[in-house]
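> Sequence and predicted structure, then a few things I'm wondering about:
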There are 2 protein chains.
Amino acid sequence: MSQHRHGSTPGEAGGVPAFPDLPEATIARLPEYLRALHHLAETGAETVSSEGLAAAAGVNSAKLRKDLSHLGSYGTRGVGYDVTLLVDQIEYILGLDKNRAVCLVGVGNLGHALAGYAGFASRGFRVVALFDADPKKVGERINGLTVQHIDELDRVAAEESIAIGVIATPPGTAQAVADALVAAGVTSILNFAPGVLAVPPNVDVRKVDLAIELQILSFHEHRKASLTALPGGRTAEADNQEAVGS
Amino acid sequence: MSQHRHGSTPGEAGGVPAFPDLPEATIARLPEYLRALHHLAETGAETVSSEGLAAAAGVNSAKLRKDLSHLGSYGTRGVGYDVTLLVDQIEYILGLDKNRAVCLVGVGNLGHALAGYAGFASRGFRVVALFDADPKKVGERINGLTVQHIDELDRVAAEESIAIGVIATPPGTAQAVADALVAAGVTSILNFAPGVLAVPPNVDVRKVDLAIELQILSFHEHRKASLTALPGGRTAEADNQEAVGS
DNA sequence: CGCGATTTGTGCACGCCTTCACAAGCGCCT
DNA sequence: AGGCGCTTGTGAAGGCGTGCACAAATCGCG
C-alpha cells in the first residue's frame, strides 16, 4: 500500500541468493510475529506450533506457515518452530540486529511524544537526534536528548550514520524536511504529517496519518448505522462470525 | 489488512441500496482523496481532472477513477470532477458530516499528544473525553478537557454517545480497556498499543504500531544495503523507475 | 522397529485489486 | 451544426494474496 516500489532483483547472476524476495504483505506481518514470539519467549515457551503463533499474532495459521516458509524452513514437522531460532531469523531479516539509528524532526505535540516513546528503544531502534526549525525549541532536553536546529541535520546524520528519519512537523513543512533528510543521506522516512511526499525512487516512505485511521473507522460506523436502520437488517450483531484468537 | 470482517449485506430485500458496497482498498484511499480535495479547494480550484487529483493524492489516475466510480458518477467527461461536490460526497460516505465524538483512554506519553492533536478536530472529530486508570492523572487538564477515571467511561460514553475509542495505554492493559470500551457501547477502536485485541465481531479495530512501521523500514534498509554490497548490484539507485507524483 | 499422532510445507484454486486501453460523453470553437 | 480534443467510466487481463487441503516429515511410544 501507499508509495512503494521494489522488487525485480536485477543482476542476480549466480551464487548467493542475496535476499529472499519476500512479498510485501509478508514483510508487513513479520514484525507482528516477532512481537508475539518475544512474548512467548518471556513465558518460557521453547517451541510454538503455527497454530499457536498464528493465534498470538492474530492471523490465519496457513498464512503464517506460508509467510515463514518464504524465509526458509525453520520449523520441525510434528513439533513446531523453535522460538529463539525464529526470533533471531526474523530479526536478521528485518535488519534489527543493527540497532538502527533514527532521527526525529519536529518536536511539537506529537514529536515530543514520539521522542519519548519507549516502544522504539525496546524494539531495536535508537532515537539519536531531535531537530526542529523553531529556535525556541532548540536546546530543550527531551528524554536525555537535546533538540538541535534543523540546519545541523547534515552534520549529525553523517556523524551518527542515520538512515531512518521520522517527520512529525506540520503538513506545510513536511516536504521541505523530507528534502533535507534525503539530502542528508536518509533513505527511509516515516511520515506523520498529512500529505504526499515526493522523494527519489531509492528512498522508502511510510505514512501514518492518525486522522485517516479515524476516518476509516467513521466509515464503518456510518455503514453499521445504516445497516441497523435498514428494514431487513436487525441489530447489526449476528452479522458474521470469525474468531479473534488469543 | 489486519483484523477486519465485513461484507455480506445479509437482508437486502429490496428498495434502497442502503450502502454502496465499497472495496476496503477504496475506503482506505478516500480519506487521502478528501485531504487532497480540501487542499485544492483552498487554492480556489473548482474542478479537477482525475489526473490532477490522482497526483495530489499520490495514486494512479486509473485507480482513482475506478474508486470514484464506485460511489457513483460525480464527474463530467471532458471537464473533470466538481471539487466541492466531491468533497461533500466523500464526507457523506465516510460519515464525517456527523462530527463524531471520540474518547481517548490512556493519557501517557503518547495519549497526551493525541489529546492535543490538532489534526483530529480539523478533520471531523471531536475528542470529548479523556480517561486514565492512574489516580494521579485524573483531574489533569489537557487542551480544555479534564482527565477522568476509567470507571466513568460507561456513564460518559452514554451521555456523549461515543462510538469511537482510542487506546493509548501500555500493552498490558490494552485488552482490559478494549473490553471496557466495548461494554460501554463503543463499536470502533483505534489501538496504539502493541498486541492483538480480541473484540466481538461487530466491533471494528484498527491498529497503529509505531515500532512496526520502523521495522518495515528497517527491512528495506537491510535489503537496500545487501543489494549495494552485491557483486552485480551497483549503487542501489538505477534500480527501478517510477514517478512519485506532485 | 514400526505405527500413529502431530505439524510443517506447499500445490492449487479462488477472489480481490490494480492497470491498461478504449469507447462513450461532454464542451468549445469555428 | 459539426467536428475536435479532452476526460470520464469501464470491460478485460494480469498479478498478488489468501485459504484450503493434503502429502511429507518428525517424534514418541509400545
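Great, that's in hand.

> For chain A, which segments count as strands?
Secondary structure of chain A (DSSP state E): strands located at A:47-48, A:75-76, A:80-82, A:100-105, A:125-132, A:141-142, A:145-149, A:164-167, A:188-191, A:204-207.

> looking at these, which is buried most?
The highest mean neighbour count among those, using mean count of other CB atoms under 10 Å in any protein chain shown, belongs to strand A:164-167: a mean of 26. Where you see a C-beta, it was placed from the backbone N, CA and C, and this is true even at glycine.

> mean confidence score for that strand?
Model confidence over strand A:164-167, given as mean pLDDT, is 98.

> Please apply the same query to stretch A:190-207.
Stretch A:190-207 shows a mean pLDDT of 97.

> and it, anywhere near DNA strand C?
No. Using CB under 7 Å from any atom of the strand, stretch A:190-207 stays clear of DNA strand C, coming no nearer than 14.3 Å.

> swap in stretch A:40-51?
Yes. Stretch A:40-51 reaches DNA strand C (CB under 7 Å from any atom of the strand) through A:V48, A:S49, A:S50, A:E51.

> got it, and stretch A:210-220?
No. Judged by CB under 7 Å from any atom of the strand, stretch A:210-220 makes no contact with DNA strand C; its nearest approach is 12.7 Å.

> And stretch A:72-79, by the same measure?
Yes. Applying CB under 7 Å from any atom of the strand, one finds stretch A:72-79 touching DNA strand C at A:S73, A:Y74, A:G75, A:T76, A:R77, A:G78, A:V79.

> hmm, back to that, I'd like the residues of stretch A:40-51 next to DNA strand C as a markdown table, with pLDDT appended.
Below are the residues of stretch A:40-51 next to DNA strand C laid out as a markdown table (pLDDT from 0 to 100):
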| residue | pLDDT |
| --- | --- |
| A:V48 | 97 |
| A:S49 | 98 |
| A:S50 | 98 |
| A:E51 | 97 |
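
> out of those, who has the most neighbours?
A:V48 (24 neighbours; other CB atoms under 10 Å in any protein chain shown).

> Mind picking the two most distant members of the residues of stretch A:72-79 next to DNA strand C?
A:Y74 and A:G78 (14.7 Å; CB to CB).

> Would you mind telling me which of the two has more residues around it?
A:Y74 (14 against 6).

> I'd say that one and A:D67 touch.
No. Counting by CB atoms under 8 Å, A:Y74 sits too far from A:D67 to count as a contact (11.5 Å).

> quick one: contacts for the closest residue to A:E51 other than its chain neighbours?
Closest residue to A:E51 apart from its sequence neighbours, by CB to CB, 6 or more residues apart in numbering or on different chains: A:S61 at 4.8 Å. Shown in contact with A:S61 (CB atoms under 8 Å, 6 or more residues apart in numbering or on different chains): A:S50, A:E51, A:A54, A:A55.

> quick one: the second one from A:H38, how far?
For A:E51, the distance to A:H38 (CB to CB, to the nearest Å) stands at 19 Å.

> re the thing from before, quick one: the strands of chain A as a markdown table, columns for distance to chain B too.
Formatted as a markdown table, these follow (distance: least, CB to the nearest CB, whole Å):
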| stretch | distance to chain B |
| --- | --- |
| strand A:47-48 | 15 |
| strand A:75-76 | 21 |
| strand A:80-82 | 18 |
| strand A:100-105 | 6 |
| strand A:125-132 | 5 |
| strand A:141-142 | 11 |
| strand A:145-149 | 14 |
| strand A:164-167 | 6 |
| strand A:188-191 | 4 |
| strand A:204-207 | 5 |
